[in-house]
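Student: Need a 3D model of the following:
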Amino acid sequence: MSRNHDAPTYVDRTSGQVFPDAFAMVNTYLTRFEERAGLPLTPLDEHGYTQMRKGSATIGVNVLDDHGVLLLIAPVMPVPKVGREAFYRRILELSFLTTADAAFAIDSAKDEVFVRALRRLSGLDYEEFEDLLDTVGRVADDWDDALKREFG
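Tutor: Reported below is the predicted structural model:
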């Protein structure tokens with residue numbers, strides 16, 4: 001019997017739980033995160049999106065099933081009109097180590113800075129999901145006010 005090695009695998013390595021699709025997996029992980037963190041969370045909508053708050057940060061959780069990725073994104077601030085070179089250098093330096101698995105990114109259409117993390121959905125386990133949510137939330141919450149004060 002041959003197995004299709006290109007088909008995505010939605011299974012939590014720790015628990016062994018197998019999910020029929022990425023939406024079911026992420027919704028299960030959201031429920032576990034909600035229970036652990038004591039935060040009310042909304043399941044993914046029909047487009048694969050939900051959001052949550054951590055401190056002053058709002059984290060968007062996006063299941064981009066067509067691309068096979070999970071995108072976590074938190075708005076930080078508009079790109080400043082003046083001092084852009086210093087600002088770009090600052091967020092690049094922060095992205096080197098301070099942001100861990102996340103990074104600062106700029107949405108050129110909105111001219112806005114975000115903290116984002118991107119992870120392949122296939123093989124994503126709960127601990128990775130939780131770590132990414134915590135990281136994006138922590139970095140956005142720690143740096144949104146600081147960057148606004150510095151460049152704002």
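
Student: After the strand or helix carrying Arg89, heading C-terminal, what element do we hit next?
Tutor: Per DSSP states H and E: Arg89 is located in helix 84-96. Sequence-wise, the next helix or strand downstream of helix 84-96 (DSSP H and E) is strand 103-107.

Student: Give the pairing partners of that following strand; include direction for each.
Tutor: Here strand 103-107 has these sheet partners by DSSP bridges: strand 112-120 (antiparallel).

Student: what angle sits between the partner strand and helix 84-96?
Tutor: Relative orientation of strand 112-120 versus helix 84-96 (axes from the mean of the first three to the mean of the last three C-alpha atoms, to 10 degrees): 30 degrees.

Student: Quick one: list the elements packing against the helix or strand following strand 112-120.
Tutor: Going down the chain from strand 112-120, the next helix or strand is helix 126-151, by DSSP H and E. In terms of contacts (3 or more C-beta pairs under 8 Å, 6 or more residues apart in numbering; DSSP states H and E), helix 126-151 is packed against helix 22-37, strand 49-54, strand 57-64, strand 69-78, helix 84-96, strand 112-120. In this view, the C-beta of every residue, glycine as well, is placed from N, C-alpha and C.
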